[in-house]
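Student: predicted model, plus sequence, below.
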Amino acid sequence: MQYDDEELPARPLQGVIGVVVAIIAVAVAILVLWQVFQPLARGSQYYLIIFLAGTLPLVFLAYRSRFERRGGDRPTVADWILAAVALVTCLYPLNPFGGGYDGFLDRQGLLAPSDVVVGAVLLVLVVEACRRTTGWILPLVCVLFLAYGYYGGLLPQDWPIAHAGMDFGQIVDALFNSGSGFYGTPLDVAASYIVLFTIYGAVLELSGASRFFVDLSVAAFHKSRSAAGRTAVAAGLLLGTVSGSGTATAVSVGAVTWPMLRRAGYPPEQAGGMLAAAGVGAILSPPTLGAAAFIVAQYLDVSYLTVLGWATIPTLVYYLGILLAVEIDVRRYGMRALDKPATSVWRLLARFGYHFSSLALIVVLLAAGQSAQRSVVYATAVTFVLSFLDRSAWLTPRRVFEALSVGVRGVLPVVSVCAGAGIITAITTKTGLGAQLASLLVRGAQAVSSNPTVVLALTVMLAAVALAVLGLAVPVTASFVIGWVIIGPALLALHVPASATAMFVFYYSVLSEVTPPTSLAAVGASAITGGRVLPTMWHALKYALPAFVAPIAFVITGNGTHLMGQGSVVDVAAAAVLTGLGVAGLATATGGWVLGVGPAGVGSRVLGGVAGLLLLYLEPVTVAAGIGALVLVVVWAAVDKRMRGTVPRVAPAGPVAEVETPTGVAGNAVVSRPPIAGGTDRKSTMETQESE
């Protein structure tokens, strides 16, 4: 089954039905590629109408209604009917009997009765597509916004969120025949950018790149107790550069690294949490960020390369937090060591290092002024050519057909979410809800204090909580769209730069993917490790928690934009280093360990958390206080260790166990701390590692 952050598992279509769906998907892929080099003359909305007509029917064939009593692997009669109705409904604006596309546009603001009926049917189909691909929450949110648009005029007019009211025809017009509804920016991004990157990811997968990235991570670490955890984190980072999907990355990395993690001594829930946190980082990792990153570029009217630049340092900070948590757990829980596999890093790079070339090409072409669409198409072509360097990964015509089909099928849930997000965007725009809620948010902070700094801090905290809660209910893309139109104006009103506001909303929309009880990445990882789902979610939250507060640095002070690469080289480097130290302080607080020293008591942990928060407020006074507090944490932990009188001991090498590496080459796993005769409890084993 296919997993993505925006979707529930799809049907494993086979036989004639699978071929039919694949052919339609490939036809859509050809249309998308054609649009890159020869855009349709009638404009963007004309293209979106055709694109939605090609993809929305596939949703009803590829995703279960979840009402079937048994089976569900083949489309039912109702599914075929819905697919046919979706095709006719989507193509209705091009109907020559109604004046064609020009006639449809001319009726904007004054729809004919038939337009209202067809628009209402399309509305139902879009909501049902969201339900099939994401579950019930997003459709319920859409219905709530529709109810607000229709009944908002009945609210007391002295309420801030009251509006003049919209009748049903006005709602359908806003959704069906305007640039802010179904055919708004979210769907435009899905049809113009995201589908190209999903095709690129499918081609990379079939060319062997994903396997190479995991193999390289395995080979990169020498004999070390941290090797298994480091491998999982590094593989998540490397695979995330081409995936853009947190759940898919967690599942892919987990399938390979879980045996190593198990042999190293990781419990299933802890390993699953690590894999989930590392996988969610894929949505943050350049050059193929999550779908919402493309919407950021569209909303702010900047190049995608600019967004990549904004995301680079925060992504490294995110993975630094996970890596520090891994290192702490190794020392705290006494994980076992694994030998370096037989295949060396240099041998892998010499043989398969060409897989990095397409990633580098995207960045180079973007820097040279090429559009993101053309850059990724050229990178896909290069990947196709380079696949012939590996006999087992040749992209034959049949495999190219498969890649195009898989790429389009991978974007189906995103299309559903983006079309559904158009409902929220249109209602918010027409009623002015976003500005009203933003004003309420700011006024709530001003009721506590009139100090501008305090008002900004409280607004940011409320916004972070709201985004985290919102992310529990809806997928990342929808969470960003809702957050941008409702919470974004509140931060902009407080003179926070638009770039910092957008990335703040983006990061909290993504980080909500690791929070219980709806972390899909943790669900996928627990399926691999066999761990319990809810404890896996809590472990994922623990690993990602230090990075949760890092996005606050974007908006809480003007110097926070240095973290996004804005400013001089010295300012950017200083901000990166200080934020890294802040994350280290937070990791100490959450992990209960000072790396290089030993366990951290309650006082050290509290002080470490305070130091981390101070270092994220990038102003000279708070930075100095944060560094001082961090030094005090180290001294405190060292004094505690000396008072306990712990004597480091070196454990003897243990027996060798054979491990199969991802490349298929047999390596050796060394258990570095076997049980000592007479019995050694886990606590004494931990104490031997305090000096490491």
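Tutor: Alright, I've got the coordinates.
Student: quick one: mean pLDDT for the strand or helix carrying residue 539?
Tutor: Per DSSP states H and E, residue 539 falls inside helix 533-548. Averaging pLDDT along helix 533-548 yields 80.
Student: now for that helix, which elements pack on it?
Tutor: When contacts are defined as 3 or more CB pairs under 8 Å, 6 or more residues apart in numbering; DSSP states H and E, helix 533-548 packs onto helix 268-280, helix 304-333, helix 498-511, helix 520-529, helix 569-591. (C-beta placed from N, C-alpha, C; glycine too.)
Student: so how far is residue 166 from the residue nearest to the spatial centre of the chain?
Tutor: The centre of the chain sits closest to residue 283, judged by CA atoms, centre = their mean, with a distance of 2.9 Å. From residue 283 over to residue 166 the distance is 34 Å, taken as CB to CB, to the nearest Å.
Student: which non-adjacent residue is nearest residue 542?
Tutor: Computed as CB to CB, 6 or more residues apart in numbering, the closest residue to residue 542 that is not its neighbour in sequence is residue 590, at 6.0 Å.
Student: what's the offset of stretch 623-630 from the middle of its chain?
Tutor: Chain-centre distance of stretch 623-630: 32 Å, with CA atoms, centre = their mean, to the nearest Å.
Student: how about the strands in the stretch 551-692 of the chain?
Tutor: Along the stretch 551-692 of the chain, counting by DSSP state E, counting those that start in this stretch, strands occupy 593-594, 598-599, 656-660, 666-670.
Student: then the stretch 1-150 of the chain?
Tutor: In the stretch 1-150 of the chain, no strands are defined using DSSP E, counting those that start in this stretch.
Student: show me where it dips below the pLDDT cut-off.
Tutor: Across the stretch 1-150 of the chain, the ranges flagged by pLDDT under 70 are 1-9, 67-72.
Student: from residue 95, how far off is the nearest residue to residue 93 once chain neighbours are set aside?
Tutor: Spatial nearest neighbour of residue 93, excluding adjacent residues (CB to CB, 6+ apart): residue 104 at 4.3 Å. Counting by CB to CB, the separation of residue 104 from residue 95 is 8 Å.
Student: quick one, which of the two is more surrounded?
Tutor: Neighbour totals were compared for residue 104 and residue 95, and residue 104 leads with 21 against 15 (other CB atoms under 10 Å).
Student: show me what contacts that one?
Tutor: Counting by CB atoms under 8 Å, 6 or more residues apart in numbering, residue 104 touches 92-95, 98, 115, 177.
Student: how about residue 216?
Tutor: With contacts defined as CB under 8 Å, 6+ apart, residue 216 is in contact with 238, 345, 348-349, 352.
Student: can I get those residues in TSV including pLDDT and secondary structure?
Tutor: Below are the contacts of residue 216 laid out as TSV (pLDDT from 0 to 100; DSSP: H, G, I helix; E, B strand; the rest coil):
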residue	pLDDT	secondary structure
238	78	helix
345	77	helix
348	83	helix
349	84	helix
352	86	helix
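Student: who wins for most neighbours among these?
Tutor: Comparing those on neighbour count, residue 238 comes out first with 26 neighbours (neighbours: other CB under 10 Å).
Student: now do the SS call for the closest residue to that residue other than its chain neighbours.
Tutor: Nearest residue to residue 238, sequence neighbours excluded (CB to CB, 6+ apart): residue 213, at 3.9 Å. The three-state assignment at residue 213 reads helix, by DSSP: H, G, I helix; E, B strand; the rest coil.
Student: tell me how many other residues surround residue 213.
Tutor: Neighbours of residue 213 (other CB under 10 Å): 27.
Student: now do residue 523
Tutor: Residues lying near residue 523 (other CB under 10 Å) number 19.
Student: didn't the residue nearest to residue 238 look like it was pressed against residue 236?
Tutor: No. Counting by CB atoms under 8 Å, residue 213 stays clear of residue 236, with 9.7 Å between them.
Student: okay if I get the helices and strands packed on helix 533-548 as CSV plus distance to residue 441?
Tutor: Formatted as CSV, the helices and strands packed on helix 533-548 follow (distance: least, CB to CB, whole Å):
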stretch, distance to residue 441
helix 268-280, 26
helix 304-333, 24
helix 498-511, 13
helix 520-529, 28
helix 569-591, 26
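Student: let me know which of those is tucked in deepest.
Tutor: Most buried of the helices and strands packed on helix 533-548 by mean neighbour count (mean count of other CB atoms under 10 Å) is helix 268-280; its value is a mean of 31.
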